[in-house]
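**Student:** Sequence and computational prediction follow.
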Amino acid sequence: MCTLLTSKSLPLLLLLLQSLPLQVLMLRTYPDFSKEVEEKFQDYWDEIHNSGPTRAPTKDSFQKHVLLDADFKFSESELCTREMLSRNIHVNLYCRKEHFFLYIPYEELQKTCYNMYVACKNGVRKCHKTKKLIEGAHCALSEGSTMPGCEYETTYKKGYALITCRWQDDIGEIIPDYVNTILEIPGK
């Protein structure tokens with residue numbers, strides 16, 4: 001009789017467990033996690049399950065999600081798919097429709113925030129344009145809708161980047177916030 005009750009209540013048990021936070025299950029399964037690992041896991045868990053950004057963008061997050069290393073090679077065709085997955089770039093586990101990676105030192109890009117406003121690609125006049133031509137990659141979603149099944153088409157561009165900027169209180173600086181587009185110059 002106990003077996004019959006258990007087999008019939010298994011679907012109910014699974015439904016109840018589904019609502020139990022994953023971190024509780026993880027910590028019970030792996031009680032040897034350090035406090036630092038627990039905090040990182042909790043931050044990650046909160047980030048992917050909240051409806052909006054958990055924190056304002058920061059200098060560090062912009063560098064991590066947008067800038068390419070000095071030893072980067074532009075000949076890689078799978079750059080976007082690989083980098084979007086490895087850098088964990090998504091919106092609540094949904095694939096981003098598009099993203100830009102730039103090959104420019106951060107300090108040089110930050111100076112762009114002090115340039116005059118120009119119109120963004122949507123016509124709103126709140127972007128800043130780089131003074132020099134820069135190289136970058138445009139990532140356009142080609143397949144998938146949720147992580148890790150996102151596939152991207154990589155298009156290399158050389159032109160002027162249009163970026164938005166914002167103030168970061170804790171460091172007291174205006175920082176790049178978002179890459180709106182790269183304006184390619186015909187013939188360059």
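**Tutor:** Yes, it's here.

**Student:** Given the lengthiest strand in the chain, what are its sheet partners and their directions?
**Tutor:** For the chain, the longest strand by residue count, based on DSSP state E, is strand 151-168. Here strand 151-168 has these sheet partners by DSSP bridges: strand 127-129 (antiparallel), strand 134-143 (antiparallel), strand 173-184 (antiparallel).

**Student:** List the buried residues for the longest one?
**Tutor:** It refers to strand 173-184. Across strand 173-184, burial judged by 16 or more other C-beta atoms under 10 Å covers 175-182. All C-beta atoms are positioned from the backbone trio N, CA, C, and that covers glycine.

**Student:** The strands paired with strand 151-168: which one's closest to residue 93?
**Tutor:** Closest to residue 93 of the strands paired with strand 151-168, according to C-beta to C-beta: strand 134-143, at 13.9 Å.

**Student:** What segments of the chain are helices?
**Tutor:** Assigned by DSSP state H, the helices in the chain fall at 2-19, 22-29, 35-49, 59-66, 79-86, 106-111.

**Student:** weakest of these by average pLDDT?
**Tutor:** Sorting the helices of the chain by mean pLDDT places helix 22-29 lowest, at a mean of 48.

**Student:** List the contacts of stretch 172-188.
**Tutor:** With contact meaning C-beta atoms under 8 Å, 6 or more residues apart in numbering, stretch 172-188 is reached by 57-59, 62, 66, 99-100, 102, 106, 109-110, 112-114, 120-122, 127, 129, 133-134, 136, 138, 157-168.

**Student:** one step back: rebuild the strands paired with strand 151-168 as JSON lines, extending it with distance to residue 72.
**Tutor:** Formatted as JSON lines, the strands paired with strand 151-168 follow (distance: least, C-beta to C-beta, whole Å):
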{"stretch": "strand 127-129", "distance to residue 72": "23"}
{"stretch": "strand 134-143", "distance to residue 72": "9"}
{"stretch": "strand 173-184", "distance to residue 72": "16"}
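
**Student:** I'd like to know which of the ones you listed lies nearest to residue 92.
**Tutor:** Counting by C-beta to C-beta, residue 92 lies closest to strand 134-143 out of these; the figure is 15.1 Å.

**Student:** pLDDT of that closest one, averaged?
**Tutor:** Across strand 134-143, pLDDT averages out at 95.

**Student:** Just the C-alpha atoms of that strand, please, in PDB.
**Tutor:** Extracted C-alpha coordinates of strand 134-143, given in PDB (Å, rounded to 0.1, in the frame of the first residue of the first chain):
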ATOM      1  CA  ILE A 134      36.900  51.300 -34.700                       C
ATOM      2  CA  GLU A 135      36.600  47.600 -35.500                       C
ATOM      3  CA  GLY A 136      33.900  45.400 -34.000                       C
ATOM      4  CA  ALA A 137      31.500  42.500 -34.500                       C
ATOM      5  CA  HIS A 138      27.800  42.700 -34.900                       C
ATOM      6  CA  CYS A 139      26.000  39.600 -33.600                       C
ATOM      7  CA  ALA A 140      22.500  38.900 -35.000                       C
ATOM      8  CA  LEU A 141      20.400  36.100 -33.600                       C
ATOM      9  CA  SER A 142      20.000  33.500 -36.300                       C
ATOM     10  CA  GLU A 143      18.600  30.500 -34.300                       C
END
